[in-house]
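Asks: pasting a predicted model and its sequence here:
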2 protein chains.
Amino acid sequence: MRRCCDMKGFLSFQVLRLIGNKPMSGEELRCELEKRRGSKPSPGTIYPVLKSLAENGWIKTRDSGKEKKYQLTLAGRKELNDATGRFISIFCDMGEDFKRAK
Amino acid sequence: MRRCCDMKGFLSFQVLRLIGNKPMSGEELRCELEKRRGSKPSPGTIYPVLKSLAENGWIKTRDSGKEKKYQLTLAGRKELNDATGRFISIFCDMGEDFKRAK
DNA sequence: CCACCAATATCGGTTATCCGATAAGAAAAC
DNA sequence: GTTTTCTTATCGGATAACCGATATTGGTGG
């Protein structure tokens, strides 16, 4: 199975994290991402990412009324853990910065 | 002035961080990066990054014998701080993961 | 039913990141 | 002075992240 984000770009990883926290719709994701990045990813950005994550078997959709909620699969949960590990390993020396930012 | 890594790819940012910690040669950088990423960036990767950082005025070279040491400029120090801020803002919810990783 | 509207999806194209292969430079070994 | 070796540098190309514009879908209100 291919690896999620070889850490080349953050979006897939971030989406995985957000969804892992709580199932969300595409629009909710866009809003959450805007808070963090400053700019809201366009629909043409977020939906291909979701599609790709789904094709990898890491997320699935649950229709809840009008919106469509995306949530992690079991494999997605595992992939998120792995990816977080890789991320920490790459940025291991940023712990202090995060602490300082409280 | 253009911004270092809009957070699209980590290499420039990482290099800036490493050099900010201690002036390093290209080869030292490659070794340090290998420790964190698992794979060593090729010369064809690292030197263009260094060139680009230099062109932006964020690093300068200091010849010290046989190797060439790269170090931050004042503007580079500022850019590193800014970039770190952006990074933290994007990944604000990863503080716990870093703590857990001790 | 029909017109709207928000959410989802697709497409083409731009840009940047990264790599492999290869060259150039400079010190050291001989 | 020539060869070796290590570091630095360049070039072309592949990949993928991202965006703007545009369609499509499915409830909702009239």
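Replies: Great, that's in hand.
Asks: which strands and helices sit next to the helix or strand of chain A with the lowest mean pLDDT?
Replies: The helix or strand of chain A with the lowest confidence, counting by mean pLDDT, DSSP states H and E, is strand A:59-64 at a mean of 85. Applying 3 or more Cβ pairs under 8 Å, 6 or more residues apart in numbering or on different chains; DSSP states H and E, one finds that strand A:59-64 makes contact with helix A:43-55, strand A:67-72. Every residue, glycine included, has its C-beta placed from N, CA and C.
Asks: what residues does stretch A:30-38 touch?
Replies: Under the contact criterion Cβ atoms under 8 Å, 6 or more residues apart in numbering or on different chains, stretch A:30-38 has outside partners A:11, A:14-15, A:18, A:24, A:40-41, A:43, A:46, B:7, B:89-92.
Asks: avg pLDDT for stretch A:91-102?
Replies: Averaging pLDDT along stretch A:91-102 gives 87.
Asks: just stretch A:33-40 next, same as before
Replies: For stretch A:33-40, the mean confidence score works out to 89.
Asks: and it, is it in reach of DNA strand C?
Replies: No - Stretch A:33-40 does not reach DNA strand C (Cβ under 7 Å from any atom of the strand); its nearest approach is 11.4 Å.
Asks: show me what contacts the nearest residue to residue A:60 once chain neighbours are set aside?
Replies: Take residue A:60 and drop its neighbours on the chain: the residue closest to it by Cβ to Cβ, 6 or more residues apart in numbering or on different chains is residue A:73, 5.4 Å away. For residue A:73, the contact set (Cβ under 8 Å, 6+ apart) comprises A:57-60.
Asks: kindly report the same for residue A:26.
Replies: By Cβ under 8 Å, 6+ apart, the residues touching residue A:26 are A:43, A:46-47, A:50, A:68, A:70.
Asks: what comes up buried for stretch A:85-102?
Replies: For stretch A:85-102, a neighbour-count test (16 or more other Cβ atoms under 10 Å in any protein chain shown) marks A:86-88, A:90-91, A:94-95, A:97-98 as buried.
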